[in-house]
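Colleague: A structural model of the following input is requested.
(chains A and B)
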Amino acid sequence: MSETKAKGVPLLELRDVSKTFLKDGAEFKVLEKVNLEIDEGEFVCILGPTGCGKSVTLQIVAGLIEQSSGSVILDGREEHGPGPHKGMVFQEYALLPWRSVRENVELGLELKGVSRKERHRIAGEQLEIVGLKGAENSMVHEISGGMRQRAAIARALANSPRILLMDEPFEALDALTKEEMQIQILKAWEKTKTTIFFVTHDVDEAIFLSDKICVMDINPGRVKKILENRLPRPRHELVCRTDREFGEMRDQIIQLYSSLKDEELDLVF
Amino acid sequence: MALIADRLYYVLGVIVFLAVWQAASVFKLFGSEFSESFSPVAAMLALIEMIKNGELVHHALPSLRRVLISLSFAVVVALPVGVLVGYFKRIEQMTYVVFQFMRMISPLAWMPIAIIIFGVGDVSVVFLLWLVAIWPLILNTSHGAGRVSPLWVNMSRTMGARDAGILRKVIIPAAVPDMLTGLRLAVGVSWIILVPAEMLGVPDGLGYFILDTRDRFRYDQLMATIMVIGMIGYLLDSVNRWLIHKFSWKI
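Modeller: Residues are numbered from 1 along each chain as shown, chains lettered A, B, ... in the order given. Next comes the predicted model:
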């Protein structure tokens, strides 16, 4: 694990990744030459307004969409298609409603052919990490949105992925639950040391969570700037949102966007 | 209390139905000669008689056996076909016209062909019932398999699932409620087709017995048999409703 890091080779590398969609017969450039490196154990946020292609970038990494050109390299190998080594957490949870919480978490292990006993053990472990102990046997419709997303995170972690991809995972949650989940994911990240690649359009969320923020621009979607985030950790105390450094970082990001043309500025935040 | 009132209304409906039936017989709506033996009271007495002398079991069991055998064959064929049709767009396109065309043909229209192929007897009846049961099963299953959220499919792919895994872990379980709806419709339509199908030369069964009672002018037994057909159909449907309630997932 630390071997790749010692050599200075990133865990995940995007090289000139571009994506063009066909829309009404015309080509539409969603992503233009995205370059990004993520080191082992890093928490990287990709931040940008609607339409900047941040979700498309994540889905290309996940292997759910194929890039038009460029390459995605994980662990030194070029990636094609999805797989359990790239855990994905969707905004809409994507839990299977006919399965209990535990059975949902065990899905990837079932597909891998892991024995029932072992599945049970791993699922229990992961559910404890995300704070869902005691809800193992609940059905999906019986639990809250926050709990559903915890279950979805546990499901992705149960495969021991090399990287955890999160696509605006907390957007469907209310503000208070969202903050609670941000703290929860930091705790899970510290415990599991899993590399996380996290999509958001929420500036504060990106600053609160990340080691590195990839700020995206629109028309066409591209990387505007990659910012190192040196706010001290652990950041579980919400207090740090009011810190001077936090504010400075926010200003820096907002300024990046205010330098765009007004008509391009269709920011959600 | 509300619950008891609710139940009373269900019972009341049945009582009104029986009263109308009785009135129809009193006012000789079934013809001047035999109206008496068409009454619910006469039917009840005949039913008790049929239970006692074993005639009911003698005819109901073969009917149930035929329906259950044909349904089993229908399920075995229709569920896999339905899943494939629902999941693979090309198969859906290839089968759409043929299936929609076939399902509109009354299975009784196939009767001469069934008899040429299978001869008069059980096999022909089971074949006709099978032919009527497969369409609701195929169409509902494919509907269920086809409308599975792409989000679930994508999720399972990121979990390492390929076609077989997607079918096994997502598509098939997701389609279970639709399969059960298809089964309910298949049971209903099989039970309805059973009666005419059993008029095609089998020596027992409720359909056969309808003709037999008519030939013997035993209209009380005829009405009793009609009641039995309705009651068994109602029970079969109740079992299906219970299955749907039990095995349908909630969002």
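Colleague: what about the helix or strand that contains residue B:5, average pLDDT?
Modeller: Under the criterion of DSSP states H and E, residue B:5 resides in helix B:2-26. Mean pLDDT, helix B:2-26: 91.
Colleague: identify each buried residue in that helix, please.
Modeller: B:21, B:25 (16 or more other Cβ atoms under 10 Å in any protein chain shown). No exception for glycine: its C-beta is placed from N, CA and C like everyone else's.
Colleague: okay, residue 143: pLDDT?
Modeller: Picking chain A for this. Reported pLDDT for residue A:143: 95.
Colleague: oops, wrong one, chain B.
Modeller: 95.
Colleague: hmm, who's touching the helix or strand that the helix holding residue B:5 is followed by?
Modeller: On the C-terminal side of helix B:2-26, the closest following helix or strand by DSSP H and E is helix B:40-52. For helix B:40-52, contacts defined as Cβ atoms under 8 Å, 6 or more residues apart in numbering or on different chains pick out B:18, B:21-22, B:25, B:36, B:56-57, B:218-221, B:223-228.
Colleague: and for stretch A:11-26?
Modeller: So stretch A:11-26 is in contact with A:4-5, A:27-40, A:42, A:53, A:56-57, A:60-61, A:65, A:67-75, A:162-163, A:195, A:197, going by Cβ under 8 Å, 6+ apart.
Colleague: inside strands: which ones of those?
Modeller: The strands, defined by DSSP state E, take in A:27-38, A:69-74, A:163, A:195, A:197 from the contacts of stretch A:11-26.
Colleague: of those, buried ones?
Modeller: Judged by 16+ other Cβ under 10 Å, buried ones among the ones in strands among the contacts of stretch A:11-26: A:30-32, A:34, A:36-38, A:70, A:72-74, A:163, A:195, A:197.
Colleague: now, which of these sits nearest chain B?
Modeller: residue A:163 (11.4 Å; Cβ to the nearest Cβ).
Colleague: and the closest one, what are its bridge partners?
Modeller: Note on residue A:163: beta-bridge partners residue A:86, residue A:195, judged by DSSP bridges.
Colleague: circling back: buried subset of the contacts of helix B:40-52?
Modeller: B:21, B:25, B:56, B:218-221, B:223-225, B:227-228.
Colleague: on that earlier part again, among the contacts of helix B:40-52, which are in helices?
Modeller: B:18, B:21-22, B:25, B:56-57, B:219-221, B:223-228 (DSSP state H).
Colleague: then stretch A:117-132 to PDB, C-alphas only?
Modeller: Output of stretch A:117-132 as PDB, limited to C-alpha atoms (Å, rounded to 0.1, in the frame of the first residue of the first chain):
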ATOM      1  CA  LYS A 117     -20.400 -16.300   8.000                       C
ATOM      2  CA  GLU A 118     -17.700 -14.100   6.700                       C
ATOM      3  CA  ARG A 119     -20.300 -11.800   5.000                       C
ATOM      4  CA  HIS A 120     -22.000 -11.400   8.300                       C
ATOM      5  CA  ARG A 121     -18.800 -10.500  10.000                       C
ATOM      6  CA  ILE A 122     -17.700  -7.900   7.500                       C
ATOM      7  CA  ALA A 123     -21.100  -6.300   7.200                       C
ATOM      8  CA  GLY A 124     -21.300  -6.000  11.000                       C
ATOM      9  CA  GLU A 125     -17.900  -4.300  11.000                       C
ATOM     10  CA  GLN A 126     -18.800  -1.900   8.300                       C
ATOM     11  CA  LEU A 127     -22.100  -1.000   9.800                       C
ATOM     12  CA  GLU A 128     -20.400  -0.200  13.100                       C
ATOM     13  CA  ILE A 129     -17.900   2.100  11.300                       C
ATOM     14  CA  VAL A 130     -20.800   4.100   9.800                       C
ATOM     15  CA  GLY A 131     -22.700   4.100  13.100                       C
ATOM     16  CA  LEU A 132     -25.600   1.900  12.000                       C
END
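Colleague: what about that stretch, near chain B?
Modeller: No. Stretch A:117-132 stays clear of chain B (Cβ under 8 Å from any Cβ of the partner chain), getting no nearer than 12.9 Å.
Colleague: which bits of chain B sit near chain A?
Modeller: So far as Cβ under 8 Å from any Cβ goes, chain B lies against chain A at B:149, B:151-152, B:154-161, B:165, B:169-170, B:173-174, B:176, B:249-251.
Colleague: picking up where we left off before, closest to chain A among the ones in helices among the contacts of helix B:40-52?
Modeller: residue B:228 (37.2 Å).
Colleague: what about the closest one, distance to residue A:141?
Modeller: 41 Å (Cβ to Cβ, to the nearest Å).
Colleague: cool, and residue B:55?
Modeller: 50 Å.
Colleague: those two: which has the busier surroundings?
Modeller: Legend: neighbour count by other Cβ atoms under 10 Å in any protein chain shown for residue B:55 and residue A:141, higher for residue B:55 (19 against 11).
Colleague: got phi/psi on the closest residue to the more buried one other than its chain neighbours?
Modeller: Nearest residue to residue B:55, sequence neighbours excluded (Cβ to Cβ, 6 or more residues apart in numbering or on different chains): residue B:209, at 7.6 Å. Dihedral pair for residue B:209: phi -70, psi -30, per degrees, to the nearest 10.
Colleague: list the contacts for residue B:209?
Modeller: Contacts of residue B:209 (Cβ under 8 Å, 6+ apart): B:55, B:59, B:221, B:225.
Colleague: who are the contact partners of residue B:121?
Modeller: B:201-202.
Colleague: can you check the one 10 residues further on too?
Modeller: By Cβ under 8 Å, 6+ apart, residue B:131 lies in contact with B:107, B:110.
Colleague: centre of the chain to the host helix or strand of residue B:61, how far?
Modeller: Using DSSP H and E, residue B:61 sits within helix B:55-87. The chain centre lies 9 Å from the centre of helix B:55-87; the measure is Cα atoms, centre = their mean, to the nearest Å.
Colleague: following it, which helix or strand comes up?
Modeller: Next helix or strand after helix B:55-87 toward the C-terminus (DSSP H and E): helix B:89-103.
Colleague: let me see the ranges of the helices in chain A.
Modeller: Here chain A has its helices, by DSSP H, at A:2-6, A:54-62, A:101-105, A:107-112, A:116-129, A:145-157, A:175-192, A:203-209, A:244-258.
Colleague: need these in JSON lines (columns: mean neighbour count).
Modeller: JSON lines is the format used below for the helices of chain A (neighbours: other Cβ atoms under 10 Å in any protein chain shown):
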{"stretch": "helix A:2-6", "mean neighbour count": "10"}
{"stretch": "helix A:54-62", "mean neighbour count": "24"}
{"stretch": "helix A:101-105", "mean neighbour count": "25"}
{"stretch": "helix A:107-112", "mean neighbour count": "22"}
{"stretch": "helix A:116-129", "mean neighbour count": "17"}
{"stretch": "helix A:145-157", "mean neighbour count": "25"}
{"stretch": "helix A:175-192", "mean neighbour count": "17"}
{"stretch": "helix A:203-209", "mean neighbour count": "22"}
{"stretch": "helix A:244-258", "mean neighbour count": "14"}
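Colleague: could I get the ones you listed as TSV with distance to residue B:14?
Modeller: Formatted as TSV, those follow (distance: least, Cβ to Cβ, whole Å):
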stretch	distance to residue B:14
helix A:2-6	76
helix A:54-62	59
helix A:101-105	43
helix A:107-112	48
helix A:116-129	50
helix A:145-157	45
helix A:175-192	52
helix A:203-209	62
helix A:244-258	72
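Colleague: contacting residues around stretch A:250-259?
Modeller: Against stretch A:250-259 from outside (Cβ under 8 Å, 6+ apart): A:47, A:49, A:203-204, A:206-207, A:213, A:215, A:224-225, A:227, A:265, A:267.
Colleague: for residue A:230, which non-adjacent residue is spatially closest?
Modeller: Here the residue nearest residue A:230, using Cβ to Cβ, 6+ apart, is residue A:245, at 7.9 Å.
Colleague: low-confidence stretches in the chain?
Modeller: The chain I'm using is chain A. Applying pLDDT under 70 to chain A flags the ranges A:1-7, A:237-239, A:259-269.
Colleague: think we crossed wires, I meant chain B
Modeller: B:1.
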